[in-house]
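Colleague: model the structure of this input:
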Amino acid sequence: MATINTNAGAMIALQNLNKTNMELEQVQTRINTGLAVGSAKDNGGIFAIAQSMRADVAGYRAVGNSIDLAVSTVDVALAGGEALSDMLVEMKEKALAAADTSLDAASRTALNADFTAMRDQLKTIIANAEFNGTNLIDGSTTGISALANADGSNNITVADEDLSLAGSVVTIATNASFSTATQASNIASQIGTSLDNLNASLARLGTGSTSLEIHKTFVGKLSDALERGIGNLVDADLAKESARLQSLQVKQQLGIQALSIANSAPSAILGYFR
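Modeller: A predicted model of the protein is given here:
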């Protein structure tokens, strides 16, 4: 039936053209963003999973920052402890030299002056072995904790090592000095004990630093794996989308021609009236 009120062919052509335009817009969006699933309306389930994984990745970035902070704090404490160890070795040398009974008083006094200067330097080292307000060797804190997982439910803790003078590790008194060979000998013995204790403390701090670095490496690998997983879920195959784009562009041109042909059909009715 020939009619000018209803053009079924044009309706069908327009529907097909609109569908092609929608698909073309979707492909162009994927190419522009690089994402096959860029919003919940693309694929609600996949989008929700990807967003959850993105939250985990963001959490692991925070974990990495927390571990970096802890590692730096422990490394500063280690540097301070190693400096103490070197200083104690020199102090022991001075004390042993002063323990020589054949030494004259003036020489022992000179050795004691060097010894007390080093003793005071120990206090300075301990007080300044601080990072971001945390000092692990002056007894001001019980340790430092770093985040271990993305939801913050687990932590890695490195205990402090109180290396203050007259403590359980460095046992020499805060005002240690000598004026006799016997006093120097006793102090040399105390320093020997302190060095043994200090080496044990440094070993524990070193183990803590190594544990933090190992966990940071693990967290980095885990975060990378999650990012690859997100990519597998939402990333667009650009080679495939490029080929589809060309196909849809041709389909769009054909749809426009089909609509043009369908729209010109009613004009044929004029032939009946000639």
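Colleague: helices along the stretch 151-274 of the chain, start to end?
Modeller: 181-234, 238-264 (DSSP state H, counting those that start in this stretch).
Colleague: correct me if wrong: L24 contacts L248.
Modeller: Yes - when contacts are counted by CB atoms under 8 Å, L24 is listed as touching L248 (4.5 Å). Bear in mind the C-beta positions are built from the backbone N, C-alpha and C, glycine included.
Colleague: these two: which is more packed in?
Modeller: L248 (20 against 17; other CB atoms under 10 Å).
Colleague: where does I144 sit: helix, strand or coil?
Modeller: strand (DSSP: H, G, I helix; E, B strand; the rest coil).
Colleague: now the strands for the stretch 51-200 of the chain?
Modeller: 130-131, 134-135, 143-147, 155-159 (DSSP state E, counting those that start in this stretch).
Colleague: what would those look like in JSON lines with distance to A117 and mean neighbour count?
Modeller: Below are these laid out as JSON lines (distance: least, CB to CB, whole Å; neighbours: other CB atoms under 10 Å):
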{"stretch": "strand 130-131", "distance to A117": "22", "mean neighbour count": "18"}
{"stretch": "strand 134-135", "distance to A117": "23", "mean neighbour count": "19"}
{"stretch": "strand 143-147", "distance to A117": "32", "mean neighbour count": "20"}
{"stretch": "strand 155-159", "distance to A117": "31", "mean neighbour count": "16"}
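Colleague: adding mean pLDDT, write the ones you listed out as a markdown table.
Modeller: A markdown table is the format used below for the strands of the stretch 51-200 of the chain (pLDDT from 0 to 100):
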| stretch | mean pLDDT |
| --- | --- |
| strand 130-131 | 96 |
| strand 134-135 | 96 |
| strand 143-147 | 95 |
| strand 155-159 | 95 |
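Colleague: quick one on the thing from earlier: just the helices of the stretch 151-274 of the chain: most buried one?
Modeller: The highest mean neighbour count among those, using mean count of other CB atoms under 10 Å, belongs to helix 181-234: a mean of 17.
Colleague: now for it, which elements pack on it?
Modeller: helix 44-98, helix 105-128, strand 155-159 (3 or more CB pairs under 8 Å, 6 or more residues apart in numbering; DSSP states H and E).
Colleague: of all those, which lies closest to G206?
Modeller: Among those, the nearest to G206 by CB to CB is helix 44-98 (6.3 Å).
Colleague: between the strands of the stretch 51-200 of the chain, which gets nearest to K19?
Modeller: That would be strand 143-147 among the strands of the stretch 51-200 of the chain, by CB to CB, at 49.9 Å.
Colleague: just how off-centre is that closest one within its chain?
Modeller: 14 Å (CA atoms, centre = their mean, to the nearest Å).
Colleague: again with stretch 13-26
Modeller: For stretch 13-26, the distance to the chain centre is 46 Å (CA atoms, centre = their mean).
Colleague: send me it as CSV with only the CA atoms.
Modeller: The C-alpha trace of stretch 13-26 is given here as CSV (Å, rounded to 0.1, in the frame of the first residue of the first chain):
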residue,chain,number,x,y,z
ALA,A,13,16.0,2.6,8.6
LEU,A,14,16.0,5.3,11.4
GLN,A,15,15.9,2.6,14.1
ASN,A,16,18.8,0.8,12.6
LEU,A,17,20.8,4.1,12.1
ASN,A,18,20.1,5.1,15.7
LYS,A,19,21.4,1.7,16.9
THR,A,20,24.5,2.1,14.8
ASN,A,21,25.1,5.6,16.2
MET,A,22,24.8,4.3,19.7
GLU,A,23,27.3,1.5,19.1
LEU,A,24,29.6,4.0,17.3
GLU,A,25,29.5,6.3,20.3
GLN,A,26,30.3,3.4,22.7
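Colleague: for the closest residue to G152 other than its chain neighbours, what are its contacts?
Modeller: Spatial nearest neighbour of G152, chain neighbours left out: G59 (7.7 Å); criterion: CB to CB, 6 or more residues apart in numbering. Applying CB atoms under 8 Å, 6 or more residues apart in numbering to G59 gives the contacts 149-152.
Colleague: ok, A79 next?
Modeller: A129.
Colleague: with Y60 instead?
Modeller: 150, 219, 222-223, 226.
Colleague: and those residues, which is closest to A173?
Modeller: Nearest to A173 among these, with distances taken as CB to CB, is V219, at 44.3 Å.
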